[in-house]
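Engineer: how would this look folded up:
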Amino acid sequence: MPSILPSAARTGLRAAVRASLRRTATVSRSFASRTAHVAKRAAAAPTGLRHASTVVEAVEANEALEEDVEENLSEAAEEEDVELFSSLEGKVDPKTLKALTESPFQYEAMSVVQARILPLLPELVAPREEANPHSIDLLVKARTGTGKTIGFLVPAIEARIKELERVSAQESSQTEQEASRARSSAARRFAMDNVGTLVISPTRELASQIAVEAQKLTSHHAGFGVSLFVGGVDKRGQLNGFNRGRKDILVATPGRLKDFLSDPRSGVAAALKDTKMLILDEADTLLDMGFREDIEEIMRVLPSNATRQTFLFSATVSKGIQQIAHTHLAPNHRFVNCVSQDTSEVHDHIDQFHTVLPSPKDQLPHIMRLLMQDQLQHGDRSKVVLFLPTTKMTMLMSSAMHGLSRKVLPGRTDVFELHSKRTMGSRTKAAEMFRRTTRPSILVTSDVSARGVDYPGVTRVIQIGLPKSADQYVHRVGRTGRGSSKVGRGDLVLLDWEAEYVRRQYSHLPLKPLSAATFAAELQAAVDAAAHAKLQAVHPELQNTVEEYLAKEVDEEAVGESMMSMIGFYAGLASGMRMDVDGIAGALQKWSTEGMGLERAPYVGAAFLSKLGGGRGGFSRGGGGSRGGRDGQREGGFGARREWTDRAPRDGFAKKPWEARGSFGGERKSFGERKPWEERGASASKPWEKKPWEDRGASKPWEKKPWEDRPSRSFAPRDDSEGGSGRSSGYLGRRSRSFEARNGGSKGESDF
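Structural biologist: Sure thing, here's the model as predicted:
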């Protein structure tokens, strides 16, 4: 059929696709359906009539298509100004344009932020010292996932190319051949000695992603150098690579760059003394993470804004961002707002739900149901990001996903883990494998993946527990439905005591309530409709499957560490939750037994709670949850589980209740009534035990004097009514604590 279409129709269709117009795409799908219907009818027609009727109907369909295409093109041209990358021909270097339009990117239409910045080339990157009014600084308000990385890398590359051309032009020799060699050598020396563009990014993941994009964008520029300075990677290796190659673009996190700048032997400060362009990406996040002072210190190494151009990209323009712009951008800097008033800040195009679980025991089953539904809906394209509030919770949930996915999910699922405790190499590998996998996949991550990092094709974002702010929720859910993709869903899974915070703080978000029971019924109906054999067998028994898994595999130490980390996290949100720290600790202890299957909740020490603002002292929930199976040693995803004993484990999760231990000589008396030292038996002969005082014949002021009866201050006796917490702070109190510490007392409470 395609062969009989007139060339005009094919040209019009390709133009519509290049323009990325959604209505035109809808028309093309309609046309495909129409032509398929024509082909089907033609196949059923008698042989003699088949060709004629097919041609007639195809022509009619094509005429309708041309009318629809023209109508949609005119409407779209009125509504939005679509810029094509091909329009940059003559404005950027042909090798840069080849990378954009051919290999490796194959882009056609620009995003909004790209269309606002790239057409300003080449004047945008003209030398600042020529007093060019077009060479201005930029303050760009743009959200993540809008193509802003390409938006600032293309000007950076073009500025470097122009700079090297000016350096080459200063070389002259007697012959043309000698001049060519001299120009090439001068440009290379300059590129080896001086950084062209410095890009500062808040996180390792985002910095690594920018560096990869820069390498792809310069793949047709021979010898173009891109360096990366991030933590978690060997410093010597990074510095050696930096010093050996060209320094055209340097991408760095503030902490690692500051480390190198503090060492004059590194040569980094010298290489930055003539840098012509500075780019601050995710500037609002840089401020939120406390990098303001680091950035100021880095700025002092760079040239002034009289010769240095600065681009500042931020999703919001807060007071802190305005202060940086006022201090470090040129007075005539341009503000480019790529977030229109009609653009939703909370991703309205993504379906977003929140579920308040009736009990902690429903947490893991509900998460697995969400994953089941996503795989049932998207098959091998299912790609889920699972966010947790803390690193310890991320590690715990990753282990659970590894174990449970094999038992209950319909497809063979890849599970990846990403958090700050992993090395940079393993984090980079996990992120890249998640991007490239062709099987159903889950990325279990902390907030290191919340902003800026791009994972194409994410079908769902699941957030367990509360994000630290509404903005953080928005950035997390923004990992799905990115760019032109409209496929995506967000789920926020909460325990009952977390719901109040959502009602108070997230009321402006498009969160729709979804009960766990309703979702379970909807999933069961979908499973029955799909006649999926494995899910039909697994879903009705999901609760029992999870409980059996926890009984065999859970590691109480890992659960305890996760619980303590969550207490610390939620302590910062306590006021918004209308709970005190003691209440939060009690609620999380309930989660450890009912949700994670422990028979006895981990102990929470008084010292730990007091540091967080708690006031009722340490406590532990006795009894057990509804899970059994404590016997024997276990192995599995959660690690080995131990038999419960009353002996406190090394992490101090459990502690014997306080009991009176007495004092050295029985009931405590005042200092003046204390008995003199006396021999305590054979053990006194050991060298480390205390010996009676004896006169050594010297009468020096610093030597110990024998005890003599003199008026004494009577210390208050110990008050045991509060479980030992009321001991005095004097000599006996110090001796008492020392003795208690030697005999397994409460010293370890604050070690958590």
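
Engineer: I161: neighbour count?
Structural biologist: Around I161 there are 21 other residues, counting by other Cβ atoms under 10 Å. Every residue, glycine included, has its C-beta placed from N, CA and C.

Engineer: what about stretch 262-274, average pLDDT?
Structural biologist: Across stretch 262-274, pLDDT averages out at 94.

Engineer: And that stretch, end to end?
Structural biologist: Stretch 262-274 has its terminal residues 18 Å apart, counting by Cα to Cα, to the nearest Å.

Engineer: how about that stretch: buried residues?
Structural biologist: Residues S266, V268, A269, A271, L272, D274 are the ones in stretch 262-274 that count as buried (16 or more other Cβ atoms under 10 Å).

Engineer: which residues are contacting it?
Structural biologist: Residues outside stretch 262-274 that contact it (Cβ atoms under 8 Å, 6 or more residues apart in numbering) are 193-195, 198, 239, 242-243, 247, 250, 257, 260-261, 301-303.

Engineer: buried ones in the helix or strand harbouring A187?
Structural biologist: Using DSSP states H and E, A187 falls within helix 176-193. Within helix 176-193, the residues scored as buried using 16+ other Cβ under 10 Å are R183, A186, A187, F190, A191.

Engineer: where along this protein do the strands fall?
Structural biologist: Counting by DSSP state E, the chain has strands at residues 138-141, 197-200, 226-229, 249-252, 277-280, 309-314, 334-337, 351-356, 383-387, 414-418, 441-445, 460-464, 489-494, 512-513.

Engineer: pLDDT averaged over the third one, what's the number?
Structural biologist: So that's strand 226-229. 97.

Engineer: same deal with the first one?
Structural biologist: Model confidence over strand 138-141 averages 94 on the pLDDT scale.

Engineer: so what does it touch, helix or strand wise?
Structural biologist: Counting contacts by 3 or more Cβ pairs under 8 Å, 6 or more residues apart in numbering; DSSP states H and E, strand 138-141 is packed against helix 112-117, helix 148-169, strand 309-314, strand 334-337.

Engineer: Quick one: residues in contact with that strand.
Structural biologist: With Cβ under 8 Å, 6+ apart as the test, strand 138-141 has contacts from 113, 116-117, 148, 151-152, 310-317, 321, 325, 329, 333-339.

Engineer: Please repeat the previous calculation with a cut-off of 6 Å.
Structural biologist: Strand 138-141 is contacted by residues F311, L312, F313, V317, A325, H333, R334, F335, V336, N337, V339 when judged by Cβ atoms under 6 Å, 6 or more residues apart in numbering.

Engineer: And for the fourth one?
Structural biologist: With contacts defined as Cβ under 6 Å, 6+ apart, strand 249-252 is touched by V195, T197, L198, V199, A207, I210, A211, A214, V226, S227, L228, F229.

Engineer: Nearest to E297 among these?
Structural biologist: E297 has its nearest neighbour among the contacts of strand 249-252 in L198, at 13.4 Å by Cβ to Cβ.

Engineer: neighbours of that closest one, just the number please.
Structural biologist: 26.

Engineer: The one 3 residues further on now?
Structural biologist: Applying the criterion other Cβ under 10 Å, we find 28 residues in the vicinity of S201.

Engineer: Can you name the residues that contact it?
Structural biologist: A207, I210, D281.

Engineer: and the second one, what does it touch?
Structural biologist: Right, I210. Counting by Cβ under 6 Å, 6+ apart, I210 touches T149, V199, S201, V251.

Engineer: can you list those in a markdown table and add pLDDT?
Structural biologist: Below are those laid out as a markdown table (pLDDT from 0 to 100):
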| residue | pLDDT |
| --- | --- |
| T149 | 95 |
| V199 | 98 |
| S201 | 95 |
| V251 | 98 |
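
Engineer: Let's have those residues in TSV, adding distance to G457.
Structural biologist: Formatted as TSV, the contacts of I210 follow (distance: Cβ to Cβ, whole Å):
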residue	distance to G457
T149	18
V199	26
S201	23
V251	25
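
Engineer: Just name the closest of these to L164, please.
Structural biologist: Nearest to L164, judged by Cβ to Cβ, of those is V199 at 18.3 Å.

Engineer: Neighbours of that closest one, how many?
Structural biologist: By the criterion of other Cβ under 10 Å, V199 has 24 neighbours.

Engineer: repeat for T428
Structural biologist: Counted with other Cβ under 10 Å, residues neighbouring T428 total 20.

Engineer: next one: S208
Structural biologist: Applying other Cβ under 10 Å, we find 22 residues neighbouring S208.

Engineer: show me what contacts it?
Structural biologist: Counting by Cβ under 6 Å, 6+ apart, S208 makes contact with T428.

Engineer: quick one: it and H333, what's the gap?
Structural biologist: Look at S208 and H333: by Cβ to Cβ, to the nearest Å, they are 29 Å apart.

Engineer: winner for burial among the helices and strands packed on strand 138-141?
Structural biologist: Of all these, strand 309-314 has the most neighbours on average by mean count of other Cβ atoms under 10 Å, namely a mean of 25.

Engineer: quick one on the thing from earlier: how about the contacts of strand 249-252 in CSV, adding distance to L388?
Structural biologist: Shown next, in CSV, are these (distance: Cβ to Cβ, whole Å):
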residue, distance to L388
V195, 37
T197, 35
L198, 33
V199, 29
A207, 23
I210, 25
A211, 27
A214, 31
V226, 32
S227, 33
L228, 27
F229, 28
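
Engineer: Tell me where the model's unsure across this structure.
Structural biologist: 1-81, 129-134, 172-177, 340-347, 450-452, 483-486, 615-752 (pLDDT under 70).

Engineer: picking up where we left off before, as JSON lines, the helices and strands packed on strand 138-141 with distance to H532 would be great.
Structural biologist: Formatted as JSON lines, the helices and strands packed on strand 138-141 follow (distance: least, Cβ to Cβ, whole Å):
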{"stretch": "helix 112-117", "distance to H532": "41"}
{"stretch": "helix 148-169", "distance to H532": "40"}
{"stretch": "strand 309-314", "distance to H532": "45"}
{"stretch": "strand 334-337", "distance to H532": "48"}
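
Engineer: how about those, which one is nearest K468?
Structural biologist: Per Cβ to Cβ, nearest to K468 of these: strand 309-314, 18.9 Å.

Engineer: packing partners for that closest one?
Structural biologist: In terms of contacts (3 or more Cβ pairs under 6 Å, 6 or more residues apart in numbering; DSSP states H and E), strand 309-314 is packed against strand 138-141, strand 277-280, helix 283-288.

Engineer: Taking their axis directions, it and helix 148-169 sit at what angle?
Structural biologist: Using axes from the mean of the first three to the mean of the last three Cα atoms, to 10 degrees, the direction of strand 309-314 lies 170 degrees away from that of helix 148-169.

Engineer: strands paired with strand 309-314, and their directions?
Structural biologist: Neighbouring strands of strand 309-314 in its sheet, by DSSP bridges, are strand 138-141 (parallel), strand 277-280 (parallel).
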